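>>> Prediction below, plus the sequence it came from.
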Amino acid sequence: MIIEILFFGMARDIVNENKINLELNENKDVNFLVNLLEEKYPKFSSINSFSVAVNEEYVKKDIILKNNDTVAIIPPVSGG
Amino acid sequence: MKEKISIQITSDKLNLQTCYDFVQDDSCGGIASFVGTVRNTTKNKTVNKLVFSAYEPMAIKEMKRIAEKALLKFEINKIAIHHAVGNLLIGDVPVIITVSSAHRGAAFDACQYAIDTLKVTVPIWKKEHFDDGEVWVNSHP
């Protein structure tokens, strides 16, 4: 399955991409994807904490991904 | 509930009058507003500008969610939450919240609730630019 991954804030600077597509086997969760990103981008683990959104909603990291999901990496927000 | 809520993310200059006019209502006894402004220092360091970026579709959803919750939680009439993105200089306005209500307490409370929650849940980020570099705010909690 194909997952689109969006990067924001400091995550965008670290991976130097706005978005990428990754091919994943079925029945993988967000944790699996995060581990994959840490392998692909060694500096990724320097983000102290981040939230994850799937299809524009915050999710827990054990949620199972589906084909064509859009996953957003959301470092600590600082609006206002 | 929709006509009671105005949500906006824009790279244009925010307009306090627009937010005021949206919430103004003959049934209301008052309007509370919060206007965020770009401060010239952070921890005694001179700031040149802030650059705001957003995950816009999700940020809009989260701002709507805050407004809907505020309408349920407090006895208010209408609420506007507008946020700017892009380059903002010292004194510029990244956020405006206005709330109208029959009695002032609810408007103050809802306004505080909205800005406090926005800073926690809405996917918007700011980068501070100094003479000698730049840093993501809150990136090192």
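All right, it came through fine.
>>> Backbone torsions only: list them for B:Val35.
Backbone geometry at B:Val35, expressed as degrees, to the nearest 10, gives phi -120, psi 110.
>>> Could you give the number of residues near it?
For B:Val35, the count of nearby residues is 14 (other C-beta atoms under 10 Å in any protein chain shown). Placement of C-beta: from N, CA and C, glycine included.
>>> Over to the one 3 residues further on?
Taking other C-beta under 10 Å as the neighbour definition, B:Val38 ends up with a count of 18.
>>> now do B:Thr41
B:Thr41, neighbours per other C-beta under 10 Å, totals 10.
>>> what's near enough to touch it?
B:Val47 (C-beta atoms under 8 Å, 6 or more residues apart in numbering or on different chains).
>>> Residues of chain B that sit close to chain A?
B:36, B:52-55, B:57-59, B:61, B:83, B:94-95, B:115, B:118-127, B:136-141 (C-beta under 8 Å from any C-beta of the partner chain).
>>> Contacts only, for residue 53.
Answering for chain A, as no chain was given. Applying C-beta under 8 Å, 6+ apart, the residues near A:Ala53 are A:59, A:71-72, A:74, B:55, B:58, B:123.
>>> Chain B, not that one
For B:Ser53, the contact set (C-beta under 8 Å, 6+ apart) comprises A:8-9, B:85, B:124-127.
>>> so what's A:Glu26 closest to, chain neighbours aside?
A:Met1 (5.9 Å; C-beta to C-beta, 6 or more residues apart in numbering or on different chains).
>>> rewinding a little: report the buried members of the contacts of B:Ser53.
A:8-9, B:85, B:124-127 (16 or more other C-beta atoms under 10 Å in any protein chain shown).
>>> Could you pick out which of the residues you listed are located in strands?
B:124-127 (DSSP state E).
>>> Widest-spaced pair of the residues you listed?
Using C-beta to C-beta, those reach their maximum pairwise distance at B:Ile124 and B:Lys127, which is 11.4 Å.
>>> re the thing from before, restricted to strands, list the contacts of A:Ala53.
A:59, A:71-72, A:74.
>>> give the contact list for the residue in chain B that chain A sits nearest to.
At 3.2 Å from chain A, B:Ile124 is the closest residue in chain B, using C-beta to the nearest C-beta. Residues in contact with B:Ile124 (C-beta under 8 Å, 6+ apart) are A:77-80, B:9, B:52-55, B:59, B:83, B:85.
>>> give the contact list for the spatially most central residue of chain B.
Centroid-nearest residue in chain B, with C-alpha atoms, centre = their mean: B:Val95, separated by 3.4 Å. If you count contacts by C-beta under 8 Å, 6+ apart, B:Val95 has them with A:79-80, B:14, B:34-36, B:81-84, B:115, B:118.
>>> The residue lying closest to it once chain neighbours are set aside: neighbouring residues, count only.
In space, and not counting its chain neighbours, B:Val95 is closest to B:Gly36: 3.9 Å by C-beta to C-beta, 6+ apart. Around B:Gly36 there are 20 other residues, counting by other C-beta under 10 Å.
>>> what does B:Asp25 give?
Neighbours around B:Asp25, by other C-beta under 10 Å: 13.
>>> cool, and A:Glu39?
Neighbours of A:Glu39 under the rule other C-beta under 10 Å: 10.
>>> Phi first, then psi, for it.
phi -70, psi -40.
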